[in-house]
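Q: Below: sequence and its predicted model.
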Amino acid sequence: MIKVGIIGGTGYTGVELLRILVRHPEVTLKVITSRQESGQGVDVLFPSLRGLIDLQFSDPAQADLEQCDVVFFATPNGVAMHQAAALLAANVRIIDLSADFRIKDVALWEEWYGMKHAAHELVAEAVYGLPEVNREKVRHARLIANPGCYPTAVQLGFLPLIEAGVVDTDYLIADTKSGVSGAGRKAEVPILFAESADNFKSYGVPGHRHLPEIRQGLSERASKAVRLTFVPHLTPMIRGIHATLYARLTKEIDLQALYVDRYQDEPFVDVLPAGSHPETRSVRGSNICRLAVHRPQQGEMAVILSVTDNLVKGAAGQAVQNMNIMYGLTETTGIDFVPLLP
Ligand SMILES: NC(=O)C1=CN([C@@H]2O[C@H](COP(=O)(O)OP(=O)(O)OC[C@H]3O[C@@H](n4cnc5c(N)ncnc54)[C@H](OP(=O)(O)O)[C@@H]3O)[C@@H](O)[C@H]2O)C=CC1
Ligand SMILES: CC(=O)N[C@@H](CCC(=O)OP(=O)(O)O)C(=O)O
């Protein structure tokens, strides 16, 4: 059994990890931390887990993490980078759901995240945990930088076009919408019910911190710097990401065949029949990214629709997918959920 610790077990991605891992057949949960809930029974705070878990939250400063084989960081940006070196030195593998190790250019990371990086030396080693691109590297990784929620939906949507070299990579557009759980389980005015329900708005148009992450991933696949306009929106649902992606075609190509071929062996990417309109509820609670390709009026623009659950394929599910790969398990173990409808 894989001995697992979770730092940040009370946030939305933390409790999603718990939901998945309590049923994972190859995992024993050893440590779950929270500074605010330290000493509290996990199933007291989350009655949804009653009968499934017999642990208390512990203070991360006191927790015995070195007994674990792998530790998930479900913490805000800037936490994992302070603890990673010591854990790795104790032979504990790390899957970081935050952005601390996602950007290879440390100066760029510091610019977007507004803080000094505390573990420069580990950034190069970290493997960007998008299995559809980096599966082989994930297998042997000690430190996984789990991708962001928008970057997962946007990269999976654009990748076939970029890899085939059939679009103008100077003018990519990603128009994205996220449910409110994407902002985490903290008290902030924009995510109050009365502010976010029955409302729809863009944010971060001048620049969102997921822009450099998406550009890095797509540029690597294009073997040149891609340019992207990325516009996120907050939409009044709890879970879900819907990305509408636009790219100008530079070559004639059968879009549907391109996408079906690219993802035919991927257990968590589903290419719908051409012309479909994927809905966020069709992936809710699941680790699936559903894609549909369009070419309106047979014109020069490809329009790709990509939906995910931000807490599952966009965070905790993908993190467990990475763990499965790291430990040589069947990749779908413990994360083959059927989406919740309605
Ligand atoms: N929500 C989403 O859809 C996605 C989130 N992410 C990323 O995953 C990470 C977690 O997100 P989310 O679950 O939404 O966040 P939340 O704000 O909901 O939860 C954060 C958790 O971290 C703990 N925590 C906060 N500060 C510290 C600290 N200094 N040391 C140790 N523990 C700390 C909190 O508990 P306590 O304060 O009690 O210790 C809490 O359990 C973030 O980096 C986020 O950007 C990535 C993809 C999607
Ligand atoms: C709706 C909402 O507020 N979403 C968050 C993205 C959350 C997230 O996943 O950020 P990281 O992956 O970088 O940790 C935002 O736009 O800041």
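A: Yep, that arrived. Numbering: from 1, shown residues only. Ligands and ions are numbered 1, 2, ... in the order given.
Q: Return the alpha-carbon coordinates of stretch 262-281 using PDB.
A: Extracted in PDB, the C-alpha atoms of stretch 262-281 (Å, rounded to 0.1, in the frame of the first residue of the first chain):
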ATOM      1  CA  ARG A 262      -4.200  12.100 -30.900                       C
ATOM      2  CA  TYR A 263      -6.300  10.900 -27.900                       C
ATOM      3  CA  GLN A 264      -7.300   7.400 -28.900                       C
ATOM      4  CA  ASP A 265      -5.200   5.800 -26.200                       C
ATOM      5  CA  GLU A 266      -5.900   8.400 -23.500                       C
ATOM      6  CA  PRO A 267      -8.200   7.000 -20.800                       C
ATOM      7  CA  PHE A 268      -9.300  10.500 -19.700                       C
ATOM      8  CA  VAL A 269      -9.700  12.400 -22.900                       C
ATOM      9  CA  ASP A 270     -12.900  11.900 -24.900                       C
ATOM     10  CA  VAL A 271     -13.300  13.400 -28.300                       C
ATOM     11  CA  LEU A 272     -17.000  13.800 -29.100                       C
ATOM     12  CA  PRO A 273     -18.500  13.400 -32.600                       C
ATOM     13  CA  ALA A 274     -17.700  16.400 -34.800                       C
ATOM     14  CA  GLY A 275     -20.000  19.300 -34.200                       C
ATOM     15  CA  SER A 276     -21.000  18.400 -30.600                       C
ATOM     16  CA  HIS A 277     -21.400  20.800 -27.800                       C
ATOM     17  CA  PRO A 278     -19.800  19.400 -24.600                       C
ATOM     18  CA  GLU A 279     -21.400  20.400 -21.300                       C
ATOM     19  CA  THR A 280     -19.600  20.900 -18.000                       C
ATOM     20  CA  ARG A 281     -22.200  18.600 -16.400                       C
END
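Q: Tell me the buried residues in it?
A: Buried positions in stretch 262-281, judged by neighbour count with 16 or more other CB atoms under 10 Å: 262-263, 266-272, 278, 280-281. Quick note: C-beta positions are derived from backbone N, CA and C, even for glycine.
Q: and of these, the nearest to ligand 1?
A: Out of the buried residues of stretch 262-281, the one with the shortest distance to ligand 1 is residue 280. That distance is 12.9 Å, counting by CB to the nearest ligand atom.
Q: contacting residues for that closest one?
A: With contacts defined as CB atoms under 8 Å, 6 or more residues apart in numbering, the neighbours of residue 280 are 179, 237, 239-242, 307, 309.
Q: measure residue 47 to residue 255 for me?
A: As defined by CB to CB, to the nearest Å, residue 47 lies at a distance of 46 Å from residue 255.
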